[in-house]
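Asker: Just need the structure, nothing else, for what follows:
(chains A and B)
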Amino acid sequence: MIQLVFIAFALLSVVSALVVLLTNNVLYAAFSLLVTFLGMAGLYVIVGADFLGVAQILVYIGGILVLLIFGVMLTNQKGTKSQGRNDILTENTNRVIGLVVAAGMFGLLYFVFSKGHFAEVQASLFTDTPLKATTQTIGLQLMTDFVLPFEVSGVLLMAALLGAAYLSTKQK
Amino acid sequence: MQQLPDVIRQIPLNNYVWFSAALFCIGIIGVLTRRNAIIIFMSIELMLNAVNLLLAAFSSYKADPAGQVFVFFIMAVAAAEVAVGLAIIVMIYRNIQSIDVGILNKLKW
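Answerer: Just a heads-up that it's a prediction; the model follows:
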């Protein structure tokens, strides 16, 4: 049962990622990226990282994707490609080089992953334990062991927001 | 003897490894072949997501929540990256009326 759910979410993610890769319309790419992120959120939940699944929906779908769609809206003019302007339709180039590099990368990953014998998760190796929410542990870790990176990432976000606001002002 | 919930144990870790590798390679092809800067951005997000999922899967199978904290930080940094990157793309669009990376070849050698 759970394998079927895993396969469904994985297929959803991979197929919509392929749509991002192959579609000509930038807006279609943005919307299929939404489906990819939804599938990834489901996979996070299946792997037992419930907090990350919710954070994925909040941060990626609620934040990053909305920003990307705003970017699409701000950078497109209707059907003016012939005048050298930007168009919502776009195309692929360098297909061969891209495929070759990706195939090489996948071959390298295949080599490494088949060398590394990941622990076969067997009944003899692990004992069963009830599934529990990870939110509390992550919160405790953030406030104790990782409090310095937590504060630094807050400063980084602040700096990035200020920088983005400064970059996109009209007059300098 | 390690403890792991039965639900997680039913899916081998290898499945996550291969899924992440596939998604990462799709992202690589996207970065290398697409010409629209925003779609290149989306491909980068795909690659980040693949790595995040693999990190979460390994941390979950090791029953160690530190990996999930790392994923949380990666998400924060990705959000900052998108904010700045989109501001840069919008400024490029204001200046040259296009975000086709094929046009931006002044720095090409």
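Asker: where does residue A:140 land in three-state SS?
Answerer: Under DSSP: H, G, I helix; E, B strand; the rest coil, the three-state class of residue A:140 is helix.
Asker: OK, contacts around residue A:91?
Answerer: Contact partners of residue A:91, counting by Cβ atoms under 8 Å, 6 or more residues apart in numbering or on different chains, are A:24, B:35. Using the backbone N, CA and C atoms, a C-beta is placed for each residue, glycine as well.
Asker: Got the confidence number for it?
Answerer: You'll see residue A:91 listed with a pLDDT of 72.
Asker: Number of residues surrounding the closest residue to residue B:52 other than its chain neighbours?
Answerer: Computed as Cβ to Cβ, 6 or more residues apart in numbering or on different chains, the closest residue to residue B:52 that is not its neighbour in sequence is residue B:71, at 4.9 Å. Other residues lying near residue B:71 total 23 when counted by other Cβ atoms under 10 Å in any protein chain shown.
Asker: and residue B:71, that one's in a strand?
Answerer: No. Assessed by three-state DSSP, residue B:71 does not belong to a strand; its assignment is helix.
Asker: what about residue A:56, helix or strand, and which?
Answerer: Secondary structure here is read from DSSP states H and E; on that basis residue A:56 sits in helix A:50-56.
Asker: Which positions within the helix or strand following that helix qualify as buried?
Answerer: Moving toward the C-terminus from helix A:50-56, the next helix or strand (DSSP H and E) is helix A:65-74. Taking 16 or more other Cβ atoms under 10 Å in any protein chain shown as the neighbour-count basis, helix A:65-74 is seen to contain the buried residues A:65, A:67, A:68, A:69, A:71, A:72.
Asker: can you list the weak-confidence ranges in chain A?
Answerer: By pLDDT under 70, the weakly predicted segments of chain A are A:77-87, A:119-126, A:171-172.
Asker: One more pass at 80, please.
Answerer: Low-confidence segments of chain A, defined by pLDDT under 80, are located at A:76-94, A:116-132, A:170-172.
Asker: care to break it down by domain?
Answerer: For chain A, the domain assignment from automatic domain parsing gives the residue ranges A:2-78+A:86-131, A:133-172.
Asker: can you give me phi and psi for the residue positioned nearest the centre of chain B?
Answerer: The residue lying closest to the centre of chain B (Cα atoms, centre = their mean) is residue B:48, at 1.6 Å. Its backbone dihedrals place residue B:48 at phi -60, psi -40, with angles given as degrees, to the nearest 10.
Asker: just checking, it touches residue B:71?
Answerer: No. Using Cβ atoms under 8 Å as the test, residue B:48 is too far from residue B:71 to be in contact (10.0 Å).
Asker: for stretch A:165-172, which positions count as buried?
Answerer: With burial defined by 16+ other Cβ under 10 Å, the residues of stretch A:165-172 counted as buried are A:167, A:168.
Asker: what residues does that stretch touch?
Answerer: Judged by Cβ under 8 Å, 6+ apart, the contacts made with stretch A:165-172 from elsewhere in the structure are B:84, B:87, B:88, B:90, B:91.
Asker: which residues of the chain fall in helices?
Answerer: Answering for chain A, as no chain was given. Read by DSSP state H, chain A holds these helices, from start to end of the chain: A:2-22, A:26-46, A:50-56, A:65-74, A:95-115, A:135-143, A:147-167.
Asker: nope, chain B
Answerer: For chain B, applying DSSP H gives helices covering B:6-9, B:13-33, B:37-61, B:66-96.
Asker: ranking these by burial, who's on top?
Answerer: Between those, helix B:37-61 has the highest mean count of neighbours, a mean of 23, where neighbours are mean count of other Cβ atoms under 10 Å in any protein chain shown.
Asker: name the helices or strands packed onto that one?
Answerer: Judged by 3 or more Cβ pairs under 8 Å, 6 or more residues apart in numbering or on different chains; DSSP states H and E, helix B:37-61 is in contact with helix A:2-22, helix A:26-46, helix A:50-56, helix A:65-74, helix B:13-33, helix B:66-96.
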